[in-house]
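In: build me a model:
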Amino acid sequence: MNEAIILPDRASPLAHYPHARRVGDLLFLCGTSSRRADNTHDGVRVDDDGAVHLDIAEQTRAVIENMRVILQAAGGDLSNLVDLTTFLVDVPRDFQGYNAVYNEYFEAATGPARTTVGVLELPHPYLLIEMKAVAHLD
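Out: This is a model prediction of the structure:
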């Protein structure tokens with residue numbers, strides 16, 4: 001089996017790629033952010049004066065929930081994740097808030113292997129975090 005998972009009711013990829021690709025019993029999730037279907041982002045507040053406020057906890061929660069939707073569309077859930085890579089724009093500032101939300105969803109004994117890397121920037125200036133993952137589906 002080699003199948004693209006494309007969810008028309010979710011944020012559309014910014015180029016020609018699926019939300020995920022299933023190959024046999026593995027599901028490869030593309031980089032997932034807090035972007036909504038209407039191209040706004042969870043964890044972003046813009047004041048009337050134009051000041052932008054970004055919340056790593058809200059963005060982390062939205063990313064994980066977006067991944068859950070993709071996994072469910074393929075017949076899985078977060079418990080199927082076996083490997084997770086997280087990209088953070090500001091590791092010193094955001095690592096603690098990211099970890100706090102991550103720990104709400106995953107336990108060390110049952111959660112995925114995890115790598116977190118710092119990056120200079122992500123595809124939108126409001127994004128603090130992006131995750132990509134591999135899941136094992138039965």
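
In: the chain: strands as residue ranges?
Out: Taking DSSP state E as the test, the strands found in the chain are 2-5, 20-23, 26-32, 44-46, 52-54, 81-88, 113-118, 129-136.

In: ok, longest helix in this protein?
Out: Across the chain, the longest stretch assigned as helix under DSSP state H is helix 56-73.

In: buried stuff in that one?
Out: Buried residues in helix 56-73, counting neighbours by 16 or more other Cβ atoms under 10 Å, are found at 56-64, 66-68, 70-71, 73. For every residue, glycine as well, the C-beta is placed using N, CA and C.

In: got it, and stretch 116-128?
Out: By 16+ other Cβ under 10 Å, the buried positions in stretch 116-128 come out as 116, 122, 126-128.

In: how far away is the residue lying closest to residue 18 once chain neighbours are set aside from residue 126?
Out: With Cβ to Cβ, 6 or more residues apart in numbering as the measure, residue 4 is the residue that lies nearest to residue 18, at 3.8 Å, once sequence neighbours are left out. To residue 126, residue 4 is 27 Å away according to Cβ to Cβ, to the nearest Å.

In: residue 12 too?
Out: According to Cβ to Cβ, residue 12 stands 17 Å off from residue 126.

In: greatest separation within the buried residues of stretch 116-128: which pair is it?
Out: For the buried residues of stretch 116-128, with distances taken as Cβ to Cβ, the pair at the greatest spread is 116 and 126 (19.7 Å).

In: what's the burial count for residue 29?
Out: 23 (other Cβ atoms under 10 Å).

In: so which residues make contact with stretch 77-89?
Out: 27, 31, 64, 67-68, 71, 94-95, 98, 105-106, 110-122, 127-137 (Cβ atoms under 8 Å, 6 or more residues apart in numbering).

In: and residue 130, how many residues sit next to it?
Out: 22.

In: can you pull the contacts of it?
Out: Applying Cβ under 8 Å, 6+ apart, one finds that residue 130 lies in contact with 31-33, 63, 86-87, 122.

In: let's see 6 Å
Out: Residue 130 makes contacts with 31, 33, 87, 122, as judged by Cβ atoms under 6 Å, 6 or more residues apart in numbering.

In: the first one: how many residues sit nearby?
Out: Residues lying near residue 31 (other Cβ under 10 Å) number 17.
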